[in-house]
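Asks: Got a sequence here, can you model it:
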Amino acid sequence: MAEEKILTAKAHREHVRISTRKVLIVLDLIRGKDVELAKGILKNTRKSASEYILKLVKEAEANAENNFGMNKDKLYVSECYATPGMTMKRIMPRAQGRAFRILKRTSHITVVVRERD
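Replies: Presented below is the predicted three-dimensional model:
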């Protein structure tokens, strides 16, 4: 029995200046959807993360079409996830000479597309 290779195309962006928690909300909206539907959802979602994720979906679609010769119409978002990146630590002056720490979080976002059977 010959094993069939499942082709996947991936797009990855590191150190995106938005917290992972905010990104995961938007990723849950597009997971498992067709690429065209996912792009439509992202264009109409009023979240700051949707702008970054839309770029990644388009990038993954282009990778699938140009690098692997996949059919553009059969693509769907098979996996999408975000992991925490580095955290920049900043100091904010407070009353009576104290200093509060501000954590500026970043994310590593990955979108994987596959072709439907």
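Asks: how close does the residue sitting furthest away from the middle of the chain sit to Lys89?
Replies: Residue farthest from the centre of the chain, counting by CA atoms, centre = their mean, is Gln96 at 42.1 Å. According to CB to CB, to the nearest Å, Gln96 stands 21 Å off from Lys89. C-beta: built from backbone N, CA, C; applies to glycine.
Asks: just Arg105 next, same as before
Replies: In this view, Arg105 and Lys89 are 10 Å apart by CB to CB.
Asks: Between the two, which is the more surrounded one?
Replies: Between Arg105 and Lys89, counting by other CB atoms under 10 Å, Arg105 is the more crowded of the two (16 against 9).
Asks: Now name the helix or strand holding the more buried one.
Replies: Secondary structure from DSSP states H and E places Arg105 in strand 99-115.
Asks: And the next helix or strand past the longest helix seen in the chain?
Replies: In the chain, assigned by DSSP state H, the helix with the most residues is helix 49-68. Downstream of helix 49-68, the first helix or strand assigned by DSSP H and E is strand 75-93.
Asks: Could you list the buried residues of the strand holding Arg105?
Replies: In terms of neighbour count (16 or more other CB atoms under 10 Å), strand 99-115 has its buried residues at Arg105, Thr106, Ser107, His108, Ile109, Thr110, Val111, Val112, Val113, Arg114, Glu115.
Asks: Show me what it is packed against.
Replies: strand 8-16, helix 20-30, helix 49-68, strand 75-93 (3 or more CB pairs under 8 Å, 6 or more residues apart in numbering; DSSP states H and E).
Asks: As JSON lines, the ones you listed with mean pLDDT and distance to Phe100 would be great.
Replies: Below are the helices and strands packed on strand 99-115 laid out as JSON lines (pLDDT from 0 to 100; distance: least, CB to CB, whole Å):
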{"stretch": "strand 8-16", "mean pLDDT": "96", "distance to Phe100": "24"}
{"stretch": "helix 20-30", "mean pLDDT": "97", "distance to Phe100": "20"}
{"stretch": "helix 49-68", "mean pLDDT": "96", "distance to Phe100": "26"}
{"stretch": "strand 75-93", "mean pLDDT": "97", "distance to Phe100": "5"}
